[in-house]
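Novice: Give me a 3D structure for the following:
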Amino acid sequence: MATTSVAFGLFAATVAMLAVAVLILNRKLRRLRSMLRRQERHVWETHNVFRVLQGGAPLPVPGGWASSTDLLGEVLRAVASRQPQLVVELGSGLSTLVIAAALRTNGAGRLISIDADEGYAAITREQLQRHALADWAEIRFAALKDMIFEGITRPWYDTAVFGDLKDIDLLLIDGPPTFLRPDIRYPALPFFWNRLTTGAIVLLDDAARPAEQGMAKTWQKNFPHARYDYLRFEKGALRVTTPL
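Specialist: Numbering: from 1, shown residues only. Below you'll find the model as predicted:
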């Protein structure tokens with residue numbers, strides 16, 4: 001019995017030490033992530049200072065509600081490699097400016113950005129004007145409505161606002177906001193699937209979240225011929241490539 005008690009005591013002590021070690025490690029990781037975000041902010045704002053000094057306008061800060069810089073970089077690569085004629089974006093903001101600027105660099109293409117917040121859409125339009133990008137992008141306000149997808153009623157954009165869109169080469173899914181329903185972005189791929197060109201690229205932001213991971217599994221089941229690549233970004237991203 002004494003041997004058993006000693007062994008149990010050692011086991012309990014080991015578990016307690018491991019728990020403390022994990023707690024300390026998590027704190028250090030949080031500090032590291034915070035430090036990296038601050039460094040990213042400094043780099044971004046340094047770039048903004050030089051933009052203003054050169055006669056340009058400052059860009060909004062990435063991260064948080066806005067797209068992170070790693071996703072923005074992936075969007076730039078997609079625009080450069082795909083050379084899209086039509087880009088559709090769900091959720092406007094900093095990414096709208098980046099895509100419009102990339103299309104301007106290509107010298108061709110058009111961006112249609114859908115937003116469920118009329119005020120936010122107006123801010124993005126003003127930003128496009130400020131950066132001389134209004135000719136490359138159009139912002140459409142689409143209120144959220146109860147829509148039926150695959151027999152399930154859920155809030156999503158009013159599809160009458162963008163039902164005319166087809167032959168889409170690049171689709172960025174970064175909206176609607178998820179406060180109404182965690183998997184509110186699920187309908188995006190089913191709705192746009194037959195409107196995508198062959199070899200089109202679909203990017204889903206926030207793919208590290210459980211709801212988005214569940215959506216990705218269902219998409220893979222329903223659209224098995226596409227290619228699915230998980231990108232280990234700050235908030236996670238999923239790249240879907242339609243078959244050629």
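Novice: Need the residue closest to the centroid of the protein.
Specialist: Residue closest to the average C-alpha location in the chain (C-alpha atoms, centre = their mean): residue 205, at 2.3 Å.
Novice: Low-confidence stretches in the protein?
Specialist: Flagging of the chain using pLDDT under 70 yields the residue ranges 1-13, 15-16, 18, 20-21, 32-66.
Novice: who's in contact with the longest strand along it?
Specialist: Using DSSP state E, we find that the single longest strand of the chain is strand 196-205. Residues outside strand 196-205 that contact it (C-beta atoms under 8 Å, 6 or more residues apart in numbering): 67, 71, 74-75, 78, 82, 167-174, 185, 188-189, 192, 212, 215-216, 235, 237-244. Just so you know, the C-beta spots here come from the backbone N, C-alpha and C atoms, and that holds for glycine as well.
Novice: which among the residues you listed end up buried?
Specialist: Among the contacts of strand 196-205, those classed as buried by neighbour count (16 or more other C-beta atoms under 10 Å) are 67, 71, 74-75, 78, 82, 168-174, 185, 188-189, 192, 212, 215-216, 235, 237-242.
Novice: hang on, the earlier thing: so which of the contacts of strand 196-205 belong to helices?
Specialist: Filtering the contacts of strand 196-205 for membership in helices, criterion DSSP state H, returns 71, 74, 75, 78, 82, 188, 189, 192, 212, 215, 216.
Novice: can these go into a markdown table with extra columns for distance to residue 143?
Specialist: Below are these laid out as a markdown table (distance: C-beta to C-beta, whole Å):
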| residue | distance to residue 143 |
| --- | --- |
| 71 | 26 |
| 74 | 29 |
| 75 | 26 |
| 78 | 28 |
| 82 | 30 |
| 188 | 16 |
| 189 | 21 |
| 192 | 19 |
| 212 | 23 |
| 215 | 22 |
| 216 | 27 |
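Novice: of those residues, closest to residue 102?
Specialist: Ranked by distance to residue 102 (C-beta to C-beta), these are led by residue 75 at 7.3 Å.
Novice: ok, the closest one - contacts?
Specialist: 67, 95, 98, 99, 102, 172, 203.
Novice: again, but for residue 67
Specialist: Shown in contact with residue 67 (C-beta under 8 Å, 6+ apart): 75, 93, 94, 95, 98, 174, 205.
Novice: State the pair within the residues you listed that is farthest apart.
Specialist: Spatial extent of those (C-beta to C-beta) is set by the pair 98 and 205 at 12.9 Å.
Novice: Send me the strand or helix carrying residue 114 as PDB with only the CA atoms.
Specialist: Here residue 114 is covered by strand 110-115, with elements defined by DSSP states H and E. Provided in PDB are the C-alpha atoms of strand 110-115 (Å, rounded to 0.1, in the frame of the first residue of the first chain):
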ATOM      1  CA  ARG A 110     -12.700  43.600 -62.500                       C
ATOM      2  CA  LEU A 111     -13.500  43.200 -58.800                       C
ATOM      3  CA  ILE A 112     -17.100  42.900 -57.400                       C
ATOM      4  CA  SER A 113     -17.100  43.100 -53.700                       C
ATOM      5  CA  ILE A 114     -20.200  42.100 -51.700                       C
ATOM      6  CA  ASP A 115     -20.900  43.600 -48.200                       C
END
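Novice: quick one: buried residues of the following helix or strand past it?
Specialist: Toward the C-terminus, strand 110-115 is succeeded by helix 118-130 as the next helix or strand (DSSP H and E). Within helix 118-130, the residues that qualify as buried are 120, 121, 124, 125, 127, 128, counting by 16+ other C-beta under 10 Å.
Novice: can you check stretch 83-95 too?
Specialist: For stretch 83-95, burial by neighbour count (16+ other C-beta under 10 Å) applies to 84, 86, 87, 88, 89, 90, 91, 92, 93, 94, 95.
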